[in-house]
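Colleague: Show me how the following folds:
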Amino acid sequence: PAYVTPEQQNEFDKEWQEEPAKEIPAKEEEPKKEEVTEPETPAAVPEGGKKPGKKNWTLGGLVGSKMIDGEYYNEVVIQPDISFGKLGIGLNILAHWNENGFRKKDYDDAGNIIRYIRWAEKGASPLYARLGTLDRAILGHGFILNGYSNQGTDTSKNILGSEIDVNLKNKGIETVVNNVTDPRLFGCRLYCQPLKMMDINIPVLSKLDIGLSGVTDTEPQQGNKKAMTAYGIDFGMPIFRNLLKFHADMAKIQDFGQGMAYGLGGSGHIDWIDAAMVYKLEMRNLGENFVPGIFNSLYEVMRPGTSSLSSAKKSTGWYGAASFGILKAINLVFAMENFKEGEPIVHSELKVDNNFISKIARQNIGVSFAYDQVREKGESLFQANAKNSVTTQEITYGLRENVILTYIHRRIVDKNGKKTETASMGTKMAF
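Modeller: Have a look, this model is predicted:
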């Protein structure tokens with residue numbers, strides 16, 4: 001055969017002469033296998049399936065106007081995100097100007113240029129770290145700190161926050177700090193799998209994890225130096241891989257109320273239609289003066305301090321959320337909480353990616369819809385112009401291959417039925 005080398009042929013002839021009846025050993029075919037597989041070795045394809053040195057770039061931008069310190073400014077913001085393996089860097093390049101010239105305060109601190117520096121992703125082992133702007137920080141299941149953002153009302157100034165997680169085989173730690181240069185809010189969670197640490201193997205139960213969390217804000221309101229502290233314990237246990245997990249949380253806000261929640265959740269993927277699903281359903285028993293996930297995405301914007309706790313009433317009910325995505329093009333999100341003592345709260349989203357529409361209509365168009373409502377008892381879902389509701393529509397249109405025009409329309413209806421509508425346009429780039 002053509003794959004036999006001269007050296008192998010000589011060895012073959014020698015064995016044939018010495019032992020005429022001997023069959024050709026199967027090992028003589030090994031050179032063919034090596035010749036086929038040799039170009040593709042595990043070392044040639046690093047983790048994640050990306051070639052060495054490959055970079056990922058995305059670029060977002062905004063063009064418009066903004067009021068800062070009582071003055072109107074024209075605004076241009078460019079926010080590139082660069083990934084190189086596990087290392088990620090986000091930049092914030094901006095300019096504000098009016099008839100008096102450029103706003104010089106934007107350039108007083110060179111650190112404003114860097115939005116964040118990140119190593120790996122949340123949940124990665126053994127280390128996840130992020131320094132800079134925090135967008136969706138979470139501790140444990142999020143019963144105390146959930147989707148926290150360290151950005152306040154002045155989004156032109158970057159806050160140097162930090163997330164550092166160490167995830168070992170059966171234990172770990174999660175940490176959050178709002179601003180490492182001037183720290184005010186601290187969060188930490190310690191967790192472990194006690195049965196695994198003791199080498200006790202019991203089906204299902206050995207995967208039980210226990211966590212202890214604590215978050216404190218030393219100045220919950222401007223000028224209010226009385227700290228607000230929350231602490232709690234949580235349990236989690238996978239029942240059937242990632243498809244079905246049990247979780248439970250108990251927490252208390254010091255000098256105020258306490259609450260608990262328990263339920264099921266999970267995630268799954270259907271390969272043949274490239275569909276992904278995440279869901280969560282839990283029962284909640286919230287005491288008076290307690291708000292779950294009080295440290296959230298709007299916490300730094302509102303800085304409510306303890307005012308939101310004083311009005312929180314005792315409530316019992318359920319909370320559910322589910323998201324479904326198919327072909328990485330259509331995404332649907334629905335969440336609702338319903339308590340006996342209060343009004344139901346609804347949130348829903350529908351997003352159709354521009355890549356999906358472009359394959360059908362040959363136009364780079366994307367659409368999204370979001371609906372939030374605090375419903376009155378007995379009121380139907382998704383009622384047009386419902387009180388206490390916010391409806392947001394977003395349309396993106398590709399002007400060029402890497403330039404996208406964005407139009408956002410928002411309708412707000414207050415508790416008295418008064419409507420307020422706003423519209424904005426901007427551009428963003430990706431390459």
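
Colleague: how about the helices of this structure, start to end?
Modeller: Remark: helices assigned in the chain by DSSP state H are 6-18, 30-37, 194-197, 299-302, 307-310, 354-361.

Colleague: looking at these, which one has the lowest mean pLDDT?
Modeller: Note on the helices of the chain: lowest mean pLDDT is at helix 30-37, with a mean of 38.

Colleague: show me the contacts for Lys226.
Modeller: When contacts are counted by C-beta atoms under 8 Å, 6 or more residues apart in numbering, Lys226 touches Pro220. From N, CA and C alone the C-beta is placed, and that goes for glycine too.

Colleague: Flag the shaky bits of the stretch 151-300 of the chain, pLDDT-wise.
Modeller: Along the stretch 151-300 of the chain, segments meeting pLDDT under 70 span 153-156.

Colleague: middle-most residue in this protein, spatially?
Modeller: Taking C-alpha atoms, centre = their mean, the centroid of the chain lies closest to Arg136, which sits 5.7 Å from it.

Colleague: residues touching it, list them.
Modeller: Residues in contact with Arg136 (C-beta under 8 Å, 6+ apart) are 147-149, 297.

Colleague: repeat that with 10 Å
Modeller: By C-beta atoms under 10 Å, 6 or more residues apart in numbering, the contact list for Arg136 reads 122, 142, 146-149, 163, 296-297.

Colleague: Just the buried subset of the residues you listed, please.
Modeller: For the contacts of Arg136, a burial check counting by 16 or more other C-beta atoms under 10 Å picks out 142, 146-149, 163, 296-297.

Colleague: with the residues you listed in mind, which one is nearest to Lys169?
Modeller: The closest of the buried ones among the contacts of Arg136 to Lys169 turns out to be Glu163 (C-beta to C-beta; 21.0 Å).

Colleague: so what's that closest one up against?
Modeller: 116, 118, 122, 128-132, 134, 136-139, 148, 150, 174-177, 187.

Colleague: For the nearest residue to it once chain neighbours are set aside, give its distance to Asp217.
Modeller: Spatially, and ignoring its direct neighbours in sequence, Glu163 is nearest to Arg130 (4.4 Å; C-beta to C-beta, 6 or more residues apart in numbering). Arg130 sits 20 Å away from Asp217, taking C-beta to C-beta, to the nearest Å as the criterion.

Colleague: May I have stretch 217-224 as CSV, with CA atoms only?
Modeller: Only the C-alpha atoms of stretch 217-224 are listed here, as CSV (Å, rounded to 0.1, in the frame of the first residue of the first chain):
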residue,chain,number,x,y,z
ASP,A,217,-24.0,50.2,52.9
THR,A,218,-22.3,52.6,55.2
GLU,A,219,-24.2,55.6,53.7
PRO,A,220,-27.5,54.4,52.3
GLN,A,221,-28.6,58.0,51.7
GLN,A,222,-26.6,61.2,51.0
GLY,A,223,-25.6,62.5,54.4
ASN,A,224,-27.1,59.5,56.3
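
Colleague: so how far is it off the chain centroid?
Modeller: Put simply, stretch 217-224 sits 27 Å off its chain's centre (C-alpha atoms, centre = their mean, to the nearest Å).

Colleague: all strands for the stretch 101-250 of the chain, in order.
Modeller: Applying DSSP state E, counting those that start in this stretch to the stretch 101-250 of the chain gives strands spanning 101-102, 114-119, 127-132, 137-138, 146-148, 161-167, 171-177, 185-192, 209-217, 228-240, 244-253.

Colleague: Gln363: which of those is closest?
Modeller: Nearest of the strands of the stretch 101-250 of the chain to Gln363, taken as C-beta to C-beta: strand 114-119 at 31.6 Å.
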